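Chemist: A structural model of the following input is requested.
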Amino acid sequence: MKTIACDHCAKASVPQNETIQIEHSVYCEDCLKTHFPLDSHLEGKHIEKVYDPIVCAFCENDFGSKELETMGGIPSCEPCTTKARSYPFPMWVKAFMLGIAAIVLFSTYWNFRFFEAYEHLNQSWVASDTGNFEAAYIHIETASEQVPENHELKTLASYFKGVYYLQNDKASKAYPLLLACEQDLPYDYDVSRMVRQARISMNFDDADYEGFLSGTQEQLELDKSIPLSWASVASALACIYATTDNDSFRLESLRHIMKAKELSSYSEEIQEYTMRINYRLQSKEIITTEEFYAKFPNGWEFKKE
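Modeler: Here you go, the predicted model:
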C-alpha cells in the first residue's frame, strides 16, 4: 500500500486511496470535510482521484510493489478483471463493470458522502461477483441513498434486488424491478432474459402451465444451445402431463430432458433439475423446489412402475 502526505495537516503517511486531489493539492478525508463541508464549495474546481496502483480497487488486496493493470481507469487485479468479464453465479446472469458507476461518481465532484458511496459500491461489486446478490443490493441501495441524484446507482439497485428475488424464487417481486431497469442497462446485463425468466416463474406459481410452456418455448427458440432452456421446456411439459394425463406431453418432456443432458454433458446442475422433473412425471405431483427437498432431503431416485 502506498502512502502520501496530506498538504493541509500534519498527517505525513495517509493511504493513497483515502485521499483526493483538488486543484492538484492532496486532501485526507478529515481535511476534505473541514475545507469543503458543502458540495457547492467544490463547484468549478479541478478534482482528481489518484488510485493506489498496487491495491486492487475491487477486492482491496495489496500487491506489494507490483503495479496493476487498470479497468475503466481503476486498478484491478487479474482475478477481478477476469471475473468481471465472465459469467458468475447463477449461469444466466452476466456480470458487468460496476466501475462504470464509480467513474460517474468521480466525474462530478467529491466529498465524504461520495467516498462512502464508493466504498459501498466496491462492496456491492465483490458481493455480486461471488453470487451474493442480497449483500450486493443492500450495499448498492446504501450507495444510492448517499448519492440520490445518481440515476445509475438507482438502476443498479433495482437490478441487483431483482436478481436476488429471482434467485430465491420470488418472481413476482423480481419482475417489476427488472422490468423497470430493462431499458436503462446495457445488453451485457442480460435483463431481457431475466424478465422472461421472471414471467415464466410467475406462470408456474400461478399454475398457468400453458403460459409456462409458451414462455419456456419462446426462450428455447432464442438459443437452442442452452441446456437449461431445454430442461425448462421439459419442466413445463411435465406440468401439463401431470394435470391432463396426456401421454404425448410425457414423451415430449422426456425428449427434452435427454437433449438437456446431452448438451450439458450430464452436468450436476442439469441432473439435479431433471431429477425433479422425472419425479413430477412419475408422481403427477407438482411441487416447488423447496417443497421437493423438504420431502426428499437426500434426493429422489426413479422407481420402475
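Chemist: from here on, contacts and neighbour counts on C-alpha atoms
Modeler: Noted.
Chemist: confidence-wise, which helix or strand of this protein is lowest on average?
Modeler: Lowest on mean pLDDT, DSSP states H and E among the helices and strands of the chain sits helix 99-108, with a mean of 50.
Chemist: for the following helix or strand past it, name the packing helices and strands.
Modeler: As assigned by DSSP states H and E, the chain's next helix or strand after helix 99-108 is helix 112-129. Using 3 or more Cα pairs under 8 Å, 6 or more residues apart in numbering; DSSP states H and E as the contact test, the elements touching helix 112-129 are helix 29-35, helix 99-108, helix 133-146.
Chemist: from residue 35, how far off is residue 262?
Modeler: 65 Å (Cα to Cα, to the nearest Å).
Chemist: tell me where the stretch 201-305 of the chain is predicted with low confidence.
Modeler: Judged by pLDDT under 70, the stretch 201-305 of the chain has its weakly predicted residues at 302-305.
Chemist: where do the helices of it begin and end?
Modeler: 209-222, 227-244, 247-264, 268-283, 289-295 (DSSP state H, counting those that start in this stretch).
Chemist: out of these, which is closest to residue 129?
Modeler: helix 268-283 (19.6 Å; Cα to Cα).
Chemist: with only the CA atoms kept, save the closest one in PDB.
Modeler: Extracted C-alpha coordinates of helix 268-283, given in PDB (Å, rounded to 0.1, in the frame of the first residue of the first chain):
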ATOM      1  CA  GLU A 268     -24.600 -31.800 -11.900                       C
ATOM      2  CA  GLU A 269     -27.000 -28.800 -12.300                       C
ATOM      3  CA  ILE A 270     -29.000 -30.400 -15.100                       C
ATOM      4  CA  GLN A 271     -29.000 -33.800 -13.400                       C
ATOM      5  CA  GLU A 272     -30.500 -32.200 -10.300                       C
ATOM      6  CA  TYR A 273     -33.100 -30.300 -12.200                       C
ATOM      7  CA  THR A 274     -34.200 -33.200 -14.400                       C
ATOM      8  CA  MET A 275     -34.400 -35.400 -11.200                       C
ATOM      9  CA  ARG A 276     -37.200 -33.100 -10.100                       C
ATOM     10  CA  ILE A 277     -38.900 -33.200 -13.500                       C
ATOM     11  CA  ASN A 278     -38.800 -37.000 -13.500                       C
ATOM     12  CA  TYR A 279     -40.400 -37.100 -10.100                       C
ATOM     13  CA  ARG A 280     -43.200 -34.900 -11.500                       C
ATOM     14  CA  LEU A 281     -43.600 -37.200 -14.500                       C
ATOM     15  CA  GLN A 282     -43.900 -40.300 -12.300                       C
ATOM     16  CA  SER A 283     -45.900 -39.000  -9.400                       C
END
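Chemist: figure out the length between the terminal residues of stretch 38-53.
Modeler: Stretch 38-53: ends 29 Å apart by Cα to Cα.
Chemist: give the buried residues for that stretch.
Modeler: If you call a residue buried by 16 or more other Cα atoms under 10 Å, then stretch 38-53 has these buried ones: 42, 47-49, 51-53.
Chemist: just the closest of these to residue 148, please.
Modeler: The closest of the buried residues of stretch 38-53, once distances to residue 148 are taken by Cα to Cα, is residue 42, at 18.0 Å.
Chemist: quick one: residues contacting the residue nearest to residue 141 when sequence neighbours are not counted.
Modeler: Of all residues not flanking residue 141 in the chain, residue 157 sits nearest, at 5.3 Å (Cα to Cα, 6 or more residues apart in numbering). Residue 157 sits next to 137-138, 140-141, 144 when contact means Cα atoms under 8 Å, 6 or more residues apart in numbering.
Chemist: please apply the same query to residue 9.
Modeler: residue 31.
Chemist: what do you get for residue 231?
Modeler: With Cα under 8 Å, 6+ apart, residue 231 has these contacts: 256-257, 260, 270, 273-274.
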